[in-house]
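A.B. asks: The amino acid sequence is not available; the structure is as follows:
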Ligand code: MN3
């Protein structure tokens, strides 16, 4: 079964009042994400990916280094966006985190304010395109990290992402022009679906159910 574009869990206008306009979501989901899926499906036969889960494809492409890059660019971006749509919500944002997630952020990252600052800095300092992440590290502790382009912490072997912010310019240019820090502030304060993030933490990460 080919990879497919997952439906947004809300309408394209649902996040407009929270700083992500309809045109951003239409282009980002309908054009950018869709293009990654189409390109990835074009590689399935040539790269012998048939039958493999998206998570396996991403991990293997990451381990293959430079040789795996053509697959990682598309497969990583497919996975990254699949997570990204899920961790935002029309009822997202705020500082009232569910209890288990709040406690884990307190113990591993020094509290919500410290986490937000670290996450924002990860996104701001990712030179060029890429992603900022909150992950469950290989030691079981929460960690903030960043990756370039289509890579992610599964492809680098760092751990399992439970929150990701796209810092490619296409993610924020219509809403925040060139001001990436404001996009990241808005993401953290108005868009993050903390209940979804806690659910992913308890499950040990996202399994997309997508396979070639
Ligand atoms: Mn994107």
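C.D. replies: Happy to help now that I have it. Here the structure is a predicted model, which is why all the values come from computation and not from measurement.
A.B. asks: Give me the secondary structure label for the residue nearest the centre of the chain.
C.D. replies: Nearest to the mean C-alpha position of the chain, by CA atoms, centre = their mean, lies residue 164 at 3.4 Å. Following DSSP: H, G, I helix; E, B strand; the rest coil, residue 164 is assigned to strand.
A.B. asks: Looks like it contacts residue 87 (just checking).
C.D. replies: Yes: using CB atoms under 8 Å, residue 164 is in contact with residue 87, at 6.8 Å. To be clear about C-beta, it is placed using only N, CA and C from the backbone, and glycine gets the same treatment.
A.B. asks: mind listing the strands for this protein?
C.D. replies: Using DSSP state E, the strands of the chain run over residues 130-137, 142-148, 159-166.
A.B. asks: Tell me the buried residues in the second one?
C.D. replies: When you say that, I think you mean strand 142-148. If you call a residue buried by 16 or more other CB atoms under 10 Å, then strand 142-148 has these buried ones: 142, 143, 144, 145, 146, 147.
A.B. asks: hang on, the earlier thing: relative to the ion, which of the strands of the chain is closest?
C.D. replies: The ion lies closest to strand 159-166 among the strands of the chain, at 4.2 Å (CB to the ion).
A.B. asks: Would you tell me whether that closest one gets close to the ion?
C.D. replies: Yes: against the ion, strand 159-166 shows contacts by CB under 5 Å from the ion at residue 166.
A.B. asks: returning to that earlier point: now the strands of the chain as a markdown table including mean pLDDT?
C.D. replies: A markdown table is the format used below for the strands of the chain (pLDDT from 0 to 100):
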| stretch | mean pLDDT |
| --- | --- |
| strand 130-137 | 98 |
| strand 142-148 | 98 |
| strand 159-166 | 98 |
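A.B. asks: Please report the distance of residue 206 from the ion.
C.D. replies: Applying CB to the ion, to the nearest Å, the value for residue 206 to the ion is 16 Å.
A.B. asks: Would you mind confirming that that residue is in contact with residue 84?
C.D. replies: No: using CB under 8 Å as the test, residue 206 is too far from residue 84 to be in contact (10.4 Å).
A.B. asks: So which residues on this structure come close to the ion?
C.D. replies: Residues of the chain lying near the ion (CB under 5 Å from the ion): 166, 168.
A.B. asks: Setting aside sequence neighbours, what's the nearest residue to residue 188?
C.D. replies: residue 116 (5.1 Å; CB to CB, 6 or more residues apart in numbering).
A.B. asks: number of nearby residues for the one you found?
C.D. replies: Residues lying near residue 116 (other CB atoms under 10 Å) number 20.
A.B. asks: and the residue lying closest to residue 128 once chain neighbours are set aside, how far is that from residue 133?
C.D. replies: Residue nearest to residue 128 in three dimensions, not counting chain neighbours: residue 148, with 6.6 Å by CB to CB, 6+ apart. Residue 148 sits 12 Å away from residue 133, going by CB to CB, to the nearest Å.
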